[in-house]
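S.K.: Have a look; sequence and predicted model below, questions after that.
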Amino acid sequence: MPTLTKLYTMQEASQHNTKDDCWVVIDGKVYDLSSYLDEHPGGDDVVLVATGKDATDDFEDAGHSESAKELMQSFCIGELDTSSPIIPELEISSKKEATEYSQKLMDLTKQYWTVPAAIVGISVVVGFLYMYKKK
Ligand code: HEM
């Protein structure tokens, strides 16, 4: 039977970054640790700094036991929506930069088209003079 998994963007998950409302993203899954923070043996501060980003490496580096990994499943509230950019503003600004760059390139090409044209013209004249002199 298909299961319905709720999808969250990283931007959405990163807004839950306080002691009373704390979500972390580990291995593509989103966990709501708000009720567990006070009991977490590693302390609440380490978990709080792991919000708003992919905390998979931080979680693995802490060397969690199998029982910790089993326990974490009870806090899973959904999965990370990977179809959206991690930070949407970044994608928008990089697209804007790309169009600005190509516009600049077009302007420069229009402005300096005479340089390659002059080089070609001079080469043709020199070529003709050389051939003329040879005869
Ligand atoms: C996702 C839910 C989480 C659960 C259920 C959980 C559970 C636990 C448990 C049970 C321990 C005791 C040692 C063990 O049995 O492995 C522990 C220790 C620890 N956890 Fe977590 N943890 C979670 C997330 C995190 C996150 C996101 C971090 C971020 C870095 C973190 C950092 C630590 C650290 C530093 C320790 C202490 C290790 C030590 O003192 O040796 N935990 N955790």
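M.R.: Looks like it came in fine.

S.K.: all contacts plus neighbour counts: C-alpha atoms, from now on.
M.R.: Fine.

S.K.: low pLDDT regions in the chain?
M.R.: 1-3, 84-98, 135 (pLDDT under 70).

S.K.: what about 90?
M.R.: 1-5, 82-118, 121, 128, 130-135 (pLDDT under 90).

S.K.: That one - how does it break down into domains?
M.R.: Here the domain parsing of the chain from automatic domain parsing is 7-80, 88-134.

S.K.: most tightly surrounded among the ones you listed?
M.R.: Highest mean neighbour count among these (mean count of other CA atoms under 10 Å): domain 7-80, with a mean of 16.

S.K.: Endpoints of it, how far apart?
M.R.: End-to-end distance for domain 7-80, by CA to CA, to the nearest Å: 6 Å.

S.K.: the helices in this structure, which residues?
M.R.: Remark: helices assigned in the chain by DSSP state H are 10-14, 44-48, 56-61, 66-72, 88-111, 114-134.

S.K.: If you count contacts, what does the last one end up packed against?
M.R.: Translated: helix 114-134. With contacts defined as 3 or more CA pairs under 8 Å, 6 or more residues apart in numbering; DSSP states H and E, helix 114-134 has no helix or strand neighbours.

S.K.: could I have that helix exported to CSV, CA atoms only?
M.R.: What follows is helix 114-134, C-alpha atoms only, in CSV (Å, rounded to 0.1, in the frame of the first residue of the first chain):
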residue,chain,number,x,y,z
THR,A,114,36.1,47.1,-35.2
VAL,A,115,39.2,45.5,-33.7
PRO,A,116,38.9,42.0,-35.3
ALA,A,117,37.6,43.6,-38.5
ALA,A,118,40.7,45.9,-38.7
ILE,A,119,43.0,42.9,-38.1
VAL,A,120,41.4,40.9,-41.0
GLY,A,121,41.5,44.0,-43.3
ILE,A,122,45.2,44.7,-42.6
SER,A,123,46.0,41.0,-43.1
VAL,A,124,44.3,41.0,-46.5
VAL,A,125,46.1,44.2,-47.6
VAL,A,126,49.5,42.9,-46.4
GLY,A,127,48.8,39.6,-48.2
PHE,A,128,48.0,41.4,-51.5
LEU,A,129,51.2,43.6,-51.2
TYR,A,130,53.3,40.5,-50.6
MET,A,131,51.9,38.6,-53.6
TYR,A,132,52.3,41.8,-55.7
LYS,A,133,55.9,42.2,-54.7
LYS,A,134,56.7,38.5,-55.5
